[in-house]
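# Pasting a predicted model and its sequence here:
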Number of protein chains: 2
Amino acid sequence: MGRSKKYKRQEVLEKAMKAFWDNGFINTSARMLEDKMGINQRTLYAEFKSKDQLFIESLQQYEQLNKEVILKPLLASDGDLEDIRTFFTDFIVAVKSKQSPNGCLFANTAMEFGTTSPEVKERLDSYFDLIYMAFFDLLTKAKSKGKLAKNTDLVKLSNYLIGCTEGLTVTVKVRDEKALLDFVDFTMNSIK
Amino acid sequence: MGRSKKYKRQEVLEKAMKAFWDNGFINTSARMLEDKMGINQRTLYAEFKSKDQLFIESLQQYEQLNKEVILKPLLASDGDLEDIRTFFTDFIVAVKSKQSPNGCLFANTAMEFGTTSPEVKERLDSYFDLIYMAFFDLLTKAKSKGKLAKNTDLVKLSNYLIGCTEGLTVTVKVRDEKALLDFVDFTMNSIK
DNA sequence: TATATAAGTAAGCAATCGCTTACTTATTGA
DNA sequence: TCAATAAGTAAGCGATTGCTTACTTATATA
């Protein structure tokens, strides 16, 4: 009974995520979402309840994208430290080539929201857990292969690499490629 | 001839800067500025022309604050590398103690604007020049005192430390103090 | 002291915000 | 075949946005 939907939830959600990624939360209006998602505001609100809720789901979507694509060099690594460089340079290339011109949605969101929204903070914590484990697991493999000193503090090193990753999310927006590659290269040398 | 101003330009500008620092550009409304600056919107627009222009002047004001306070541990250093740690930890304390709860206005602005506004980009470049020189000069002094290897690439090292600084501006918003101090400590060890 | 002039105030402009109401259209199961 | 029901559309809600207009108040100079 009743009419069937013209749109696919997953598809319009991905488009919403891209809109938030490109423009940030506040700068993405309901009209813009309507346009980018290709569905009417009435439909949008019936499906996603509110702009806030749609944003939270978009963050979940972006975490999925991280698992499947962005963090792949780390998650698929068998312990080669150079996979970390690949992760960094892939990110730089994606931003500078305008493929994902607005950097990292989680970093942008951390800056825009801080800890002002518990629901958003939950998503941010979830992401930082994810990237922490990605680094930690890679480093554990590297250590067992003798590529890191036996007494290396992997917790500390993981926290360090998260800091460097987030450093890139800011500098990639304003600094030239040479400065970025200096940063990455020094970071890589520092962990070997 | 004519009536004299009740407000001091410098004072209300500092209050505007604080408002933008606390809330970001878009989240700071003309009503909020009116309230925080303690002057009427008519007066505000007569003095500063537009919200955009007021924001640009606020960024200049914040750069001045960097020169006089925030970057002081670097600018006043005679080449002790531990002054860099002081700079990092001072920043963490200022944010976590809610003295400057919203981190770094320049980093926030880089994330909010990217390169979408030439006038804003100009201010960001000016800041990054400033912090670059602060690191470079400190490192030059450290090198001449024999605290760095003779063949150390100071340009590369400065770019690295800028990256780490910006990493802190993101992580300080969402991660716990232990993770932040891990990051700082590893960074310090990496340059010695 | 009178007047020119600048600064202050309150109200309100058009545009846009997130979201909803009123209504039309299409599809399903009996 | 046809009522029940869900989805789509267009218009518009009150609130808020950046900014201005119309007017009042105060002060430096003649």
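Structure's in. What do you need?
# close to DNA strand C, is the biggest helix by length in chain A?
Longest helix in chain A by number of residues (criterion: DSSP state H): helix A:118-144. No: Helix A:118-144 does not reach DNA strand C (C-beta under 7 Å from any atom of the strand); its nearest approach is 13.0 Å. C-beta coordinates here come from the backbone N, C-alpha and C atoms, glycine included.
# pLDDT on that helix, on average?
With pLDDT averaged residue by residue, helix A:118-144 scores 98.
# helices and strands around that helix, which ones?
Judged by 3 or more C-beta pairs under 8 Å, 6 or more residues apart in numbering or on different chains; DSSP states H and E, helix A:118-144 is in contact with helix A:51-65, helix A:72-75, helix A:82-96, helix A:105-113, helix A:154-174, helix B:154-174.
# Could you see whether DNA strand C lies near the fourth one?
No: contact between helix A:105-113 and DNA strand C, assessed by C-beta under 7 Å from any atom of the strand, is absent, since the two come no nearer than 13.1 Å.
# pLDDT of that helix, averaged?
Per-residue pLDDT over helix A:105-113 has a mean of 98.
# again, but for stretch A:12-23
For stretch A:12-23, mean pLDDT rounds to 97.
# Show me which residues of chain A are close to DNA strand C?
For chain A, the contact set with DNA strand C under C-beta under 7 Å from any atom of the strand comprises A:1-4, A:26, A:28-32, A:41-42, A:45, A:50-52.
# Using PDB, write out the CA atom coordinates for stretch A:40-51.
Coordinates of each C-alpha in stretch A:40-51 appear next as PDB, following Å, rounded to 0.1, in the frame of the first residue of the first chain:
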ATOM      1  CA  ASN A  40      12.300  18.100  -1.800                       C
ATOM      2  CA  GLN A  41      12.700  19.500   1.700                       C
ATOM      3  CA  ARG A  42       9.500  17.800   2.700                       C
ATOM      4  CA  THR A  43      10.900  14.500   1.700                       C
ATOM      5  CA  LEU A  44      14.300  15.300   3.200                       C
ATOM      6  CA  TYR A  45      12.700  16.100   6.600                       C
ATOM      7  CA  ALA A  46      10.400  13.100   6.500                       C
ATOM      8  CA  GLU A  47      13.300  10.800   5.900                       C
ATOM      9  CA  PHE A  48      16.000  12.400   8.100                       C
ATOM     10  CA  LYS A  49      14.000  14.200  10.700                       C
ATOM     11  CA  SER A  50      16.200  17.300  11.100                       C
ATOM     12  CA  LYS A  51      19.400  18.900   9.700                       C
END
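# What residues sit buried inside it?
By 16 or more other C-beta atoms under 10 Å in any protein chain shown, the buried positions in stretch A:40-51 come out as A:Thr43, A:Leu44, A:Tyr45, A:Glu47, A:Phe48, A:Lys51.
# now check that stretch, is it near DNA strand D?
Yes: using C-beta under 7 Å from any atom of the strand, stretch A:40-51 reaches DNA strand D at A:Asn40, A:Gln41, A:Arg42, A:Thr43, A:Ala46.
# What lies in contact with that stretch?
Stretch A:40-51 has contacts (C-beta atoms under 8 Å, 6 or more residues apart in numbering or on different chains) with A:7, A:9, A:12-13, A:16, A:30-31, A:33-34, A:37, A:39, A:54, A:57.
# Just give the nearest non-adjacent residue to A:Met32, would you?
In space, and not counting its chain neighbours, A:Met32 is closest to A:Ala19: 6.2 Å by C-beta to C-beta, 6 or more residues apart in numbering or on different chains.
# which stretch of helix or strand covers the one you found?
Taking DSSP states H and E as the definition, one finds A:Ala19 inside helix A:9-23.
# returning to that earlier point: would you tell me which one of the residues of chain A next to DNA strand C comes nearest to B:Lys173?
Comparing the residues of chain A next to DNA strand C against B:Lys173 with C-beta to C-beta places A:Ile26 closest, at 16.7 Å.
# Please tell me I have it right and the closest one contacts B:Asn27.
Yes: between A:Ile26 and B:Asn27 a contact is recorded at 6.6 Å, counting by C-beta atoms under 8 Å.
# residues in contact with the nearest residue to A:Asn159 once chain neighbours are set aside?
Leaving aside its sequence neighbours, A:Asn159 sits nearest to B:Asp182 (C-beta to C-beta, 6+ apart; 3.8 Å). Going by C-beta under 8 Å, 6+ apart, B:Asp182 touches A:Val155, A:Lys156, A:Asn159, A:Tyr160.
# Is B:Asp182 in a helix, a strand, or coil?
What DSSP: H, G, I helix; E, B strand; the rest coil gives for B:Asp182 is helix.
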